[in-house]
Structures are given as C-alpha cells and as structure tokens.
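# Would you be able to build a 3D model of this:
(one chain, ligands or ions: 2)
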Amino acid sequence: MREAHEPAPVRLIINGRAETGHVTPRTTLADLLRHELGLTGTHLGCEQGVCGACTVLLDDLPVRSCLTLAVQAEGARVDTVEGLAGGDMHPLQEKFWKHQALQCGFCTPGFLMAAVAAVREAPAMTRDEIRARLSGNICRCTGYQPIIDAVAEYSAELGERGERS
Ligand code: FES
Ligand code: FES
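Numbers count the residues shown, from 1 in each chain. Ligands and ions are numbered 1, 2, ... in the order given. Next comes the predicted model:
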C-alpha cells in the first residue's frame, strides 16, 4: 500500500496534450507544472494567492496554481502561457508588445491567462470591466495603464468581429 507522502500519478491535459505527473497530496499545481513538467512560464511570486503571477486556466477558468493542489486537476484541462501561441505570438501577446505592457515580465504570464479567460467570457469589455476582471493580478512595473490598453484593444477587436479569445 502506498504511504500518504509517496508520489502518486495524476493525469491531466496540459495545453492540449495528455500528461502524467507524480505528486504527493500536498504538491501544488504550480510545482507540478514548473518542476516536474518544465513549464516554467507559470511564475511564482507570493505563493499565497495574492499576486496572480501563477494564474493558469483549469477547465477554462483562471485559478491560482500556487493554491491549487495538483490532485485537484486530475482529469482536467490545464492551459498555461506556453500553450497560448502555437508558434507565433498570440494576438493578446502582440497587443502587450505593441503597448509595452510589460517591463520585467514577471507578472505577464498571469495577466495573459487571466485576460484570455476574461475576454473569452465577455468580449468587448469596457476599461472599468477590464480593471475589475484583472484586479486579482499585481504588476510592480507598468502602472497598469499599458496592460489595460493592450487588453482593451484586443477585447474591442474581438467584440467587433463577434469572436471570443
Ligand atoms: Fe500564486 Fe502569487 S504566486 S497568487
Ligand atoms: Fe514587472 Fe509586471 S512587468 S511586475
């Protein structure tokens, strides 16, 4: 019989690919992604659910991967920043580049994933709606305006075309 602290397999679909990790009951989703699967695009800042740097999508919903246990993701779809673009930059990444919405880039993967989820749910958001939707993500560099500019332009373009991210 397996002891409680011994790693056990967890199966998930990460960025569209079936993956199996080996985790203890206390392994976080962030640690599974970064340490076992090498997906270091998901950043860890506060590790206590405050900064949003570790945001990934779990079955299309944004979650703090530092607070989510890997076993909670068993059988689920997990999308990380590595899966955003299929080679070239994702259109939202292009907007971040155009508007200089990043400086050190530490917060950027979390902002991108949170914004993709927000726009998917509600394209053509107002700036106030974008601020509210991204209020759980902290940036220490940009002053937020360029990030709002980038998401607003992306959101408006999708809204005009009647598309979702
Ligand atoms: Fe997860 Fe800050 S590292 S919220
Ligand atoms: Fe540095 Fe946001 S770009 S923390």
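# CA only for contacts and neighbour counts going forward, please
Noted.
# what sits against the closest residue to residue 26 other than its chain neighbours?
Leaving aside its sequence neighbours, residue 26 sits nearest to residue 69 (CA to CA, 6 or more residues apart in numbering; 6.5 Å). Taking CA atoms under 8 Å, 6 or more residues apart in numbering as the criterion, residue 69 is in contact with 25, 26, 27, 28, 29.
# of those, buried ones?
27, 28, 29 (16 or more other CA atoms under 10 Å).
# ok, which stretches of the protein are strands?
Ranges of strands in the chain, per DSSP state E, are 8-14, 17-23, 55-58, 61-64, 77-79.
# quick one: which of the ones you listed is nearest residue 142?
Smallest distance to residue 142 across the strands of the chain (CA to CA): 18.4 Å, for strand 55-58.
# in its sheet, what does the closest one sit against?
strand 61-64 (antiparallel), strand 77-79 (antiparallel) (DSSP bridges).
# Now tabulate the strands of the chain in TSV and tack on mean pLDDT, mean neighbour count and distance to residue 101.
Below are the strands of the chain laid out as TSV (pLDDT from 0 to 100; neighbours: other CA atoms under 10 Å; distance: least, CA to CA, whole Å):
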stretch	mean pLDDT	mean neighbour count	distance to residue 101
strand 8-14	97	17	26
strand 17-23	96	16	30
strand 55-58	98	26	17
strand 61-64	98	21	20
strand 77-79	98	22	22
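# Out of those strands, the one nearest ligand 1 is which?
Of all the strands of the chain, it is strand 61-64 that lies closest to ligand 1, at 5.1 Å by CA to the nearest ligand atom.
# any idea how far that closest one is from the chain center?
Mean-position distance between strand 61-64 and its chain equals 7 Å (CA atoms, centre = their mean, to the nearest Å).
# That strand vs ligand 1: in contact?
Yes: using CA under 6 Å from any ligand atom, we find that strand 61-64 touches ligand 1 at residue 64.
# How about stretch 110-130?
No: using CA under 6 Å from any ligand atom, we find that stretch 110-130 stays clear of ligand 1, coming within 8.9 Å at best.
# residues in contact with that stretch?
By CA under 8 Å, 6+ apart, stretch 110-130 touches 42-43, 52-57, 60-62, 80-81, 92-93, 133-134, 137, 148, 151-152, 155-160, 162-165.
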